[in-house]
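Student: structure for the following, please:
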Amino acid sequence: MKPPLALFLCLLCVQESYEVEQQHPSILQNPLNFASMVNLNRTFTPEDDIDWKLYLDLLFSYVTPTGPGVSGACEDASMAYKDQLNKPTSFLPGEGWAYKMFDASAKLPSSGILQGNFLHFPGNFDSCLEVVGPGFTGKYVLLTFAELDLSLFGRNLKKSNQKLPNKLTNKIPAQKVREIIKLTDDPEQDPLALLKSGTMRLGRCIPSVCTDADVSFGFHNFFTDENVAGHAAQNITAWPLNSHTADEEVSLDGGDWGMIIIIGVFGVLILIGTALDGILNILHMDVLPHKLVQIFQGFSLYQNTLKLFNTSGGSADSLDCINGIRFLSMTWVLVGHTYSNFMQGIFVNNISVIGSDAFAGNGAFGVVLNAFTSVDSFFLIGSTLLAYITLKELDKTNGGGVKFWIMYFVHRYIRLSGVYAMIIGFHATLLKFFAFGPQSYVITPYSTDGCKQTWYMNLLYVNNLHWLYEDESQVLGCLGQTWYMANDMQFFILSPFIIWTLWKNEKAGLIISGILTAGATAIPFALSLYHDYPFSPSFTVGASGAATYMGDFYIVPWCRFQPYIIGLVLGFVLHKMRKQTELKINAVALTWIWSIAFAVGAVVVYGLVPYQSEMGGGSSKMERAFYNGFHRLAWSICLSWVILACVKGAGGPVNSILSWRAWIPLARMSYCIYLVHLTVIPYYSSLASYTITISHPLCIYFILFILGVCIAISYVCVMVFEAPFVHLEKLLFVSLGISKLPAIRHVKREK
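Tutor: This is a model prediction of the structure:
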């Protein structure tokens, strides 16, 4: 048998699985089985008179681009590839490049199909890039497939990328994966379901002279062959998500140089500040002009590190428990996003385990599937601190004046936007240099282009309002998790009205807060009932409004206001009780309140367990509307009790845990962790050139690793951007005559 016949083993395996299904119709048929796509009706034996050349040519058109629409250079390279495979000398040293290229391409079908190994076929990224052929090298291409009319795009596929549906340019929604992986014995099931879904990932090693357009046309020729799917696959298109060669170069443009210069300026300021601070506080030489130290000490890496990791106790009325809540809530967010990444972002070979008793079938897993509540914790603790601190300032300034309220807004914007702008700028420019892996498309063009195009929407804090975008597909395209920050800023703009009213007239303030809370409850309830929105992004089955849920419900301010209002009221209550060290409630009542708060909180998180295995299926519209209208309010009240009890001495071991001093620096870094974690997760996922087997231990190891990396990166962001921006704000106010230069900080000598 000639060497190329080895290629045919793949097709023989496909046909064998087809024969098994024909002989045993009771076996569950997976609609994604590649066998059901191949138009063959019998097995092959040595006695059969078969046109081997026909099927070998067909198989080769699946291996590398050939046929109509493919460029001449790619066609020639593909023929050289084919001829080399046919040579008897192909196995000799220095002649095996063609077999290495073929070996680096993914093979179908792989083992473990019934366990869910039918979505991801990455091939071998590193092996492909090592290929060196005559006049070309190996080029790794990661493909997905969807039902699109290729003729609409012509050959300029890169330019047409913005016209693609979101499912091809973004990560696959987890619910889409859940729908695809279900096995069925329905004879009416479309055998091309996988290729039309946009969920499959296929790695292919081809000659470097072949373009993305060549790949799409080549696969189009393969699918429409009468021996494969014929006219039924006319609009099935192979879409290259990303492609790489070993010698590719990413050039620096003007924006990149601008970002490098900005980072360099901050680096110089930090270097100067650290050097001056070192002379003063490490060498203990008081030889520098005091004004010079005042100007530059705020940039000192040494001083800012000491400040970040300072865990000395706060004042008697400090809200120490919020530090623990903040970091643990951030960790909860990261856990939810990391598990979601395993369901939709990384290459896996047992995707069906998601629906097993170990995951969706396990009630305890509800804390992961329903991790969205963690964001409501951020709204609550943020507004609690805001009201608590602002009310104290209003007492000092007798209600504040014009200057006070101007500074109120200016300080908030600078405080949040400085490091935020730097991270956006990094995503829009230098992040592309990290996009070199089998799934680099999750970094660029997705994150990079999104921040290039819509950065101003983020810095205006309106990136949660999709109708403001010219193209709604760009919504959440730049740091998608920052929809929360847009809501928080919008709530902050409204907060002075509530806080000042609570300070000036308690009764009126509480009445207004009650009315706003009632409205913020009625609006999501009514919208959910009218549009039939799902419980959450994880529980979408059965809800007809799932398609518009994220943009029209989940991220808009009028559906997220409840926790913020409750937090403002809690801040007011804590302010009123600031001189009261303990709650005047007996032990029996405290026990009941804690029990009720725990039970209600558990219902919010685990109340969807009955619908968990079906991802929301089986629920009624009224049940979904009730949950959407009241669960955030219930969670906010429960968490408010936890904070109140901990601050006023009724927290017991809960307060001991939440007020642990080790949380303080981690809580200070939580903002930057939030900004970077959804870049770190896909970055490390994009590097894997092989499929993995999902399990809880593996997910936990990955979570701990990602958390550690995010903390390290956040420390850098705090030192290089956040702390310097805080000091620059002070210098700005000094230059405007609003304040004085900050005092010099001295580090005490150890005796």
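Student: now name the helix or strand holding N117.
Tutor: Using DSSP states H and E, N117 sits within no helix or strand.
Student: which ones are touching the nearest residue to it once chain neighbours are set aside?
Tutor: Distances taken as CB to CB, 6 or more residues apart in numbering put N349 closest to N117, at 4.2 Å, once the chain neighbours are dropped. Where C-beta positions appear, they are placed from N, C-alpha and C, glycine not excepted. For N349, the contacting residues are S110, G112, Q115, G116, N117, H120, T691, I692, T693, by CB atoms under 8 Å, 6 or more residues apart in numbering.
Student: again, only using 10 Å
Tutor: By CB atoms under 10 Å, 6 or more residues apart in numbering, N349 lies in contact with 110-113, 115-122, 690-694.
Student: in ChimeraX, select just the buried ones from those.
Tutor: Buried residues within those, by 16 or more other CB atoms under 10 Å, are selected in ChimeraX with:
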select :113,116,117,118,119,120,121,122,691,692,694
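Student: N242 belongs to a strand?
Tutor: Yes: assessed with DSSP: H, G, I helix; E, B strand; the rest coil, N242 lies in a strand.
Student: from P563, how far off is the closest residue to it other than its chain neighbours?
Tutor: Once flanking residues are discounted, N242 sits nearest to Y441: 4.1 Å by CB to CB, 6+ apart. Y441 sits at a distance of 35 Å from P563 (criterion: CB to CB, to the nearest Å).
Student: show me where the stretch 201-350 of the chain has its helices.
Tutor: Assigned by DSSP state H, counting those that start in this stretch, the stretch 201-350 of the chain shows helices spanning 212-223, 254-281, 290-296, 301-308, 321-344.
Student: next, the buried residues of the fourth one.
Tutor: Neighbour-count burial for helix 301-308, with 16+ other CB under 10 Å as criterion, is recorded at L301, Y302, Q303, N304, T305, K307, L308.
Student: again, but for the longest one
Tutor: Burial within helix 254-281, assessed by neighbour count using 16+ other CB under 10 Å, is assigned to 256, 259, 262-263, 266, 269-270, 272-274, 276-277, 280-281.
Student: relative to H677, which of the buried residues of helix 301-308 is nearest.
Tutor: Relative to H677, the closest of the buried residues of helix 301-308 is L308; by CB to CB it sits at 18.5 Å.
Student: would you confirm that the closest one contacts C717?
Tutor: No: L308 sits out of contact with C717 when judged by CB atoms under 10 Å, with a separation of 11.4 Å.
Student: anything in contact with each of those two?
Tutor: With CB under 10 Å, 6+ apart, L308 and C717 have common neighbours M669, A723.
Student: what's the burial count for T66?
Tutor: Counted with other CB atoms under 10 Å, the neighbours of T66 add up to 23.
Student: A strand includes it, no?
Tutor: No: secondary structure of T66 (three-state DSSP): coil, not part of a strand.
Student: how close does it sit to A486?
Tutor: Counting by CB to CB, the gap from T66 to A486 is 49 Å.
Student: so what's Q15 scoring on pLDDT?
Tutor: On pLDDT, Q15 comes in at 37.
Student: try G401
Tutor: Looking at G401, its pLDDT is 87.
Student: same question for P109.
Tutor: Value for P109, per-residue pLDDT: 67.
Student: please point out which parts of stretch 510-518 sit buried.
Tutor: For stretch 510-518, burial by neighbour count (16+ other CB under 10 Å) applies to L510, I512, S513, L516, T517.
Student: quick check: the second one vs F626, distance?
Tutor: It stands for I512. With CB to CB as the criterion, I512 and F626 are 25 Å apart.
Student: about what we covered before: for the helices of the stretch 201-350 of the chain, which one sits closest to M422?
Tutor: Nearest to M422 among the helices of the stretch 201-350 of the chain is helix 254-281 (7.4 Å), distances taken as CB to CB.
Student: okay if I get the buried residues of helix 301-308 as JSON lines plus pLDDT?
Tutor: Shown next, in JSON lines, are these (pLDDT from 0 to 100):
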{"residue": "L301", "pLDDT": "97"}
{"residue": "Y302", "pLDDT": "96"}
{"residue": "Q303", "pLDDT": "95"}
{"residue": "N304", "pLDDT": "96"}
{"residue": "T305", "pLDDT": "97"}
{"residue": "K307", "pLDDT": "95"}
{"residue": "L308", "pLDDT": "96"}
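Student: can you list the residues you listed in a markdown table and add distance to P524?
Tutor: Formatted as a markdown table, the buried residues of helix 301-308 follow (distance: CB to CB, whole Å):
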| residue | distance to P524 |
| --- | --- |
| L301 | 45 |
| Y302 | 48 |
| Q303 | 46 |
| N304 | 41 |
| T305 | 43 |
| K307 | 40 |
| L308 | 38 |
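Student: tell me the contacts of C638?
Tutor: L380, I596, A597, F598, A599, V600, G601, A602, V603, V604.
Student: same thing with Q439?
Tutor: Listed by CB under 10 Å, 6+ apart, the contact partners of Q439 are 120, 122, 125, 142, 171, 201, 203, 241-242, 345-347, 682-683, 685-689.
Student: out of those residues, which are buried?
Tutor: By 16+ other CB under 10 Å, these give 120, 122, 125, 142, 171, 201, 203, 241-242, 345-347, 682-683, 685-686, 688-689 as buried.
Student: cross those residues against strands and list the overlap.
Tutor: Per DSSP state E, strands hold the following members of the buried ones among the contacts of Q439: H120, L142, R201, G203, L241, N242.
Student: test my guess that M669 contacts H677.
Tutor: No: assessed by CB under 10 Å, M669 is found out of contact with H677, at 11.3 Å.
Student: mutual contacts of the two, please.
Tutor: M330, C710, I711, I713, S714.
Student: tell me the average confidence for the one helix or strand the third one maps to?
Tutor: I711 belongs to helix 696-717 when assigned by DSSP H and E. When the per-residue pLDDT values of helix 696-717 are averaged, the result is 96.
Student: let's see the helix or strand just after that helix as PDB, backbone CA atoms only.
Tutor: Counting by DSSP H and E, the next helix or strand C-terminal to helix 696-717 is helix 723-735. Coordinates of each C-alpha in helix 723-735 appear next as PDB, following Å, rounded to 0.1, in the frame of the first residue of the first chain:
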ATOM      1  CA  ALA A 723      -0.900  54.700  43.300                       C
ATOM      2  CA  PRO A 724       0.900  57.200  41.000                       C
ATOM      3  CA  PHE A 725      -2.500  58.500  39.700                       C
ATOM      4  CA  VAL A 726      -3.600  59.100  43.300                       C
ATOM      5  CA  HIS A 727      -0.500  61.200  43.900                       C
ATOM      6  CA  LEU A 728      -0.900  63.000  40.500                       C
ATOM      7  CA  GLU A 729      -4.400  63.900  41.600                       C
ATOM      8  CA  LYS A 730      -3.000  65.500  44.800                       C
ATOM      9  CA  LEU A 731      -0.400  67.400  42.700                       C
ATOM     10  CA  LEU A 732      -3.200  68.600  40.400                       C
ATOM     11  CA  PHE A 733      -5.200  70.000  43.300                       C
ATOM     12  CA  VAL A 734      -2.000  71.600  44.700                       C
ATOM     13  CA  SER A 735      -1.400  73.300  41.300                       C
END
